[in-house]
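S.K.: no letters, just coordinates:
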């Protein structure tokens, strides 16, 4: 299913889909918990998949151009994710603990797999 030669973006999408499928099982505990875990997983998936997209789009650019674009995109994505994180916790009535823990675990899992894919390519 996951082939290291398929590219970072495709593999990041597969990992994100698997984590989202797993997070849906939290609806068995309750709807509030399910929404919180699903929201956290989706939010982290957006961050990691957008990182993979930037990498694949600019991977053959010059090193200085790639580095500049990649670090600017990290800053922009971080601001967007923190804003969405704050909005979700501030406006909605989701369980903050489930949301935060699922976001952190999902983000760490996807980031580690992304680093594995990047190291394979490099």
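M.R.: That came through fine. Keep in mind the model is a prediction, meaning the values are calculated, not measured.

S.K.: so what's the residue nearest in space to the middle of the chain closest to, chain neighbours aside?
M.R.: Geometric centre of the chain, nearest residue: residue 45, 2.7 Å, by CA atoms, centre = their mean. Once flanking residues are discounted, residue 45 sits nearest to residue 16: 3.8 Å by CB to CB, 6 or more residues apart in numbering. To be clear about C-beta, it is placed using only N, CA and C from the backbone, and glycine gets the same treatment.

S.K.: the one you found sits in which helix or strand?
M.R.: Here residue 16 sits within helix 8-23, counting by DSSP states H and E.

S.K.: give me the phi and psi angles of residue 92.
M.R.: Backbone dihedrals for residue 92, given as degrees, to the nearest 10, come out at phi -90, psi 170.

S.K.: check what pLDDT it gets.
M.R.: Residue 92 is assigned 78 on the pLDDT scale.

S.K.: could you tell me how many residues sit around it?
M.R.: 14 (other CB atoms under 10 Å).

S.K.: rewinding a little: quick one, what contacts the residue nearest to the centre of the chain?
M.R.: Listed by CB atoms under 8 Å, 6 or more residues apart in numbering, the contact set of residue 45 reads 16, 19, 20, 106, 110.

S.K.: at 10 Å instead, please
M.R.: 12, 13, 15, 16, 17, 19, 20, 23, 103, 106, 107, 110 (CB atoms under 10 Å, 6 or more residues apart in numbering).

S.K.: may I see the buried residues of stretch 75-84?
M.R.: Across stretch 75-84, burial judged by 16 or more other CB atoms under 10 Å covers 77, 81.

S.K.: what is the least confident helix or strand in this structure?
M.R.: helix 96-121 (a mean of 74; mean pLDDT, DSSP states H and E).

S.K.: quickly find the element holding the residue nearest to the centre of the chain.
M.R.: Assigned by DSSP H and E, residue 45 falls in helix 31-58.

S.K.: quick one: low-confidence parts of the chain?
M.R.: Residues of the chain that meet the criterion pLDDT under 70 lie in 1-6, 110, 113-114, 117-118, 120-122.

S.K.: returning to that earlier point: quick one: work out the angle between the next helix or strand after the helix holding residue 45 and helix 96-121.
M.R.: Counting by DSSP H and E, the next helix or strand C-terminal to helix 31-58 is helix 63-91. Helix 63-91 runs at 170 degrees relative to helix 96-121, counting by axes from the mean of the first three to the mean of the last three CA atoms, to 10 degrees.
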